[in-house]
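S.K.: output the structure for:
(chains A and B)
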Amino acid sequence: MLSVMKEKLEMVVVEALGALGIEAGVVVLERPADSSHGDYATNVALAYAKVAGISPRELAGKLVEKILETPTEEIKELEIAGPGFINFRLSDEYLAQALKDALEQGAQWGENKKLEGKKVIVEYTDPNPFKEFHIGHLMSNAIGESISRIVKASGAETRRACYQGDVGMHVAKTIWGIKKLSEGTPHLATLIQRLGIAYSLGATGYENNVEAKTEIIEINKKIYEHSDAQVDELYNNGLKVSLDYFETIYKKLGTKFDYYFFESKTGEFGKKVVLDNPAIFEQGEGGAIVYKGDEEKGLHTRVFINSEGLPTYEAKELGLAKIKYDTYPYDASIVITGNEVNAYFRVLLDAMAKVFPDLALKTIHISHGMLRLPTGKMSSRTGDVITAESLIADTKEKARTKISTELFSSDEQDELAEKIAIGAIKYSILRQASGKDIIFDFEQSLSFEGDSGPYLQYTYARTRSLLEKAGGKTIDALGVHTGTNMLHKRLLHFPEIVLRANEEREPHHIATYLIELAREFNSFYGNTIVLDGKEDEPYKLALVKAVSQTMKNGLSLLGISAPERM
RNA sequence: GCCCUUGUAGUUCAAUGGAUAGAACGGGAGCCUUCUAAGCUCUUAAUGAAGGUUCGAUUCCUUCCGAGGGCACCA
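M.R.: Down below sits the predicted model:
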């Protein structure tokens, strides 16, 4: 495995430096962008030239000499280039063997053991019952699902959790809105739409109408107290409709949660935690209980229990951390949210460090940017939202027009269109670093060409088709071939990419890599005839098979399915 | 006003402090009698501004300009 190779080379370099009397903590071994600069390169000669008191190129020369004293069969040659880089070139024998090893690993290809023995819980998606499941939730879901898979591929035991806001002002607003809406008994989807409209109505009323605001606050208290039978009924029905509906979406997205947590529970418990720690949480204005963040550290004072005596987001999160731990004693708890809560989360972690110090250390907050429309920000308050369902449906229609009606039955067309649509949507989210906003343009973001999910799926389907055509022909990574091309080398980078995606918790590294690999393969495919019966056919088939496996494993890490045909 | 994030081709995104800044879309020119044209080949075009640190800066620091988010009872 190349990742092991990289570590091995790092050791070699450290030892060579040591032999020259230079103490090196960390050495950086990078993969040059330009393959003519070798398979790996290190800048240590430039970095330590000053310490050594000689020129970088001179130091590089001495290092190369040292390294070559104990020759290894993996390294073909070393060269000194540019201002003093040392470039390593790996031997063809080693590279061929590495490809063979990759094929033998099959579905495990790309995995590592960095998190072996660790328990990791990942919380994401977090839609609010009584509100729309919009494309922002799609963003959280895509990122969370992928991170869950990356963490698992790094050896951790992984659990998926979804945290849902079943109480709070948004619920009260919706219920107030439902009461204002005329009755009707439409089916599930329409009931969901009614909830969206009701929320919009309630939110507007709350802002613009004093009377409505008072009524909504009243309803909110009734929900907590269960003191009004009609409110309870509207609440119970609405909650069930929402949760059932969410399940249909999770299913489409390919997410299966292990645990569901609800704000009604975390709020109750969180409030207790706050009240039990008067030394940490103080009385604020109007009877609220607050946590005074350290202004020096840029932390604000935040309300944990409001003047109505109800827990806020912060208290709920505090309770959630402990409830999660009691449910599943994690080593790390990854929480994925939108970046608009970043400031609150920092205050929360500061408070948590005092109440549950061990849990605060284990909590990792990852925030994603907003999904913005070219026209501006979405708002469920004004009803200006794109729901996940409508986006999936529209994308599915677009995909359907490209599917052959001759090769696939209508059921198959439907299933395939959905896989492609979900792939396109997820890819459009995962292709960029997760902290940044996504400018979401239907035409541009959901392309089926070039830098897109369907391009990757198409590439996989091509490899499958080719392997099927090959039938029982010999596949041999050690077969006859001249040189080792970029496609071959790029294939072997996969485990390093997974390692990096895990370290940085950034799925987009995998997305970028897969696009590069797919481009490399499609170029190879376009310029080479694989099944030509010539002597290097077994080797070419090994490349195809490795691309196939890597594409499948990589797409899986992104949470995107890989159809066999399309 | 203060805090956080952010600024890369016309557009949407990449680039662990490294060597010639990489893709896609769009524009231009080609390729289906060979394994899937959701494809391939060629071409066009970018680091907001000014300083600083460094052998080397898209990356780190400072200032300015622009964008997004937050700044006590919504999440």
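
S.K.: can you pull out the strands in the stretch 351-500 of chain A?
M.R.: For the stretch 351-500 of chain A, the strands defined by DSSP state E, counting those that start in this stretch cover A:363-368, A:371-373, A:376-377, A:438-439.

S.K.: pick out the shakiest of the ones you listed, pLDDT-wise.
M.R.: Ranked by mean pLDDT, these end with strand A:376-377 in last place, scoring a mean of 60.

S.K.: re earlier: could I get the strands of the stretch 351-500 of chain A as a markdown table with distance to RNA strand B and mean neighbour count?
M.R.: All C-beta spots, glycine's among them, are computed from the backbone N, C-alpha and C. Below are the strands of the stretch 351-500 of chain A laid out as a markdown table (distance: least, CB to the nearest atom of the strand, whole Å; neighbours: other CB atoms under 10 Å):
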| stretch | distance to RNA strand B | mean neighbour count |
| --- | --- | --- |
| strand A:363-368 | 9 | 19 |
| strand A:371-373 | 7 | 18 |
| strand A:376-377 | 5 | 10 |
| strand A:438-439 | 4 | 16 |
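
S.K.: indicate which one of those strands is closest to residue A:308.
M.R.: For residue A:308, the closest of the strands of the stretch 351-500 of chain A is strand A:363-368, at 27.4 Å, according to CB to CB.

S.K.: which pLDDT value goes with the residue in the stretch 351-500 of chain A that RNA strand B sits nearest to?
M.R.: For the stretch 351-500 of chain A and RNA strand B, the shortest gap (CB to the nearest atom of the strand) falls at residue A:450, measuring 1.9 Å. pLDDT for residue A:450: 92.

S.K.: show me what from the stretch 1-150 of chain A comes close to RNA strand B.
M.R.: A:28-30, A:32-34, A:36-38, A:41, A:43, A:46-47, A:50, A:56, A:81-83, A:85, A:87, A:128 (CB under 7 Å from any atom of the strand).

S.K.: in strands, which of those appear?
M.R.: In strands, judged by DSSP state E, the following of those are found: A:29-30, A:41, A:81, A:85, A:87.

S.K.: in TSV: those residues, plus pLDDT, neighbour count and distance to residue A:328.
M.R.: Conversion of those to TSV gives the following (pLDDT from 0 to 100; neighbours: other CB atoms under 10 Å; distance: CB to CB, whole Å):
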residue	pLDDT	neighbour count	distance to residue A:328
A:29	89	19	37
A:30	90	12	38
A:41	94	21	43
A:81	91	15	51
A:85	94	21	47
A:87	95	20	47
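
S.K.: which two in those residues are spaced the farthest apart?
M.R.: Farthest pair in those, by CB to CB: A:29 and A:81, 14.9 Å.

S.K.: picking that back up, quick check: the gap between the residue of the stretch 351-500 of chain A closest to RNA strand B and residue A:423.
M.R.: Relative to residue A:423, residue A:450 is positioned 14 Å away (CB to CB, to the nearest Å).

S.K.: and those two? which has more neighbours close in?
M.R.: residue A:423 (28 against 9; other CB atoms under 10 Å).

S.K.: center of chain A - which residue?
M.R.: Chain A has residue A:143 as the residue nearest its centroid, 2.9 Å off, counting by CA atoms, centre = their mean.

S.K.: which of the residues in stretch A:245-260 are buried?
M.R.: Within stretch A:245-260, the residues scored as buried using 16 or more other CB atoms under 10 Å are A:245-246, A:249-250, A:252-253, A:255, A:257.

S.K.: Serialize those to TSV and add fields for secondary structure, pLDDT and distance to residue A:236.
M.R.: Shown next, in TSV, are those (DSSP: H, G, I helix; E, B strand; the rest coil; pLDDT from 0 to 100; distance: CB to CB, whole Å):
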residue	secondary structure	pLDDT	distance to residue A:236
A:245	helix	93	15
A:246	helix	95	16
A:249	helix	96	21
A:250	helix	97	21
A:252	helix	96	26
A:253	helix	97	26
A:255	coil	97	25
A:257	coil	98	21
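
S.K.: nearest to RNA strand B, of the residues you listed?
M.R.: Closest approach to RNA strand B among those (CB to the nearest atom of the strand): residue A:246, at 15.2 Å.

S.K.: and the closest residue to the closest one other than its chain neighbours, how many neighbours?
M.R.: Ranked by CB to CB, 6 or more residues apart in numbering and with sequence neighbours excluded, the top spatial neighbour of residue A:246 is residue A:127, at 5.7 Å. Residues lying near residue A:127 (other CB under 10 Å) number 25.

S.K.: doesn't residue A:137 make contact with residue A:127?
M.R.: Yes - assessed by CB atoms under 8 Å, residue A:127 is found in contact with residue A:137 at 4.7 Å.
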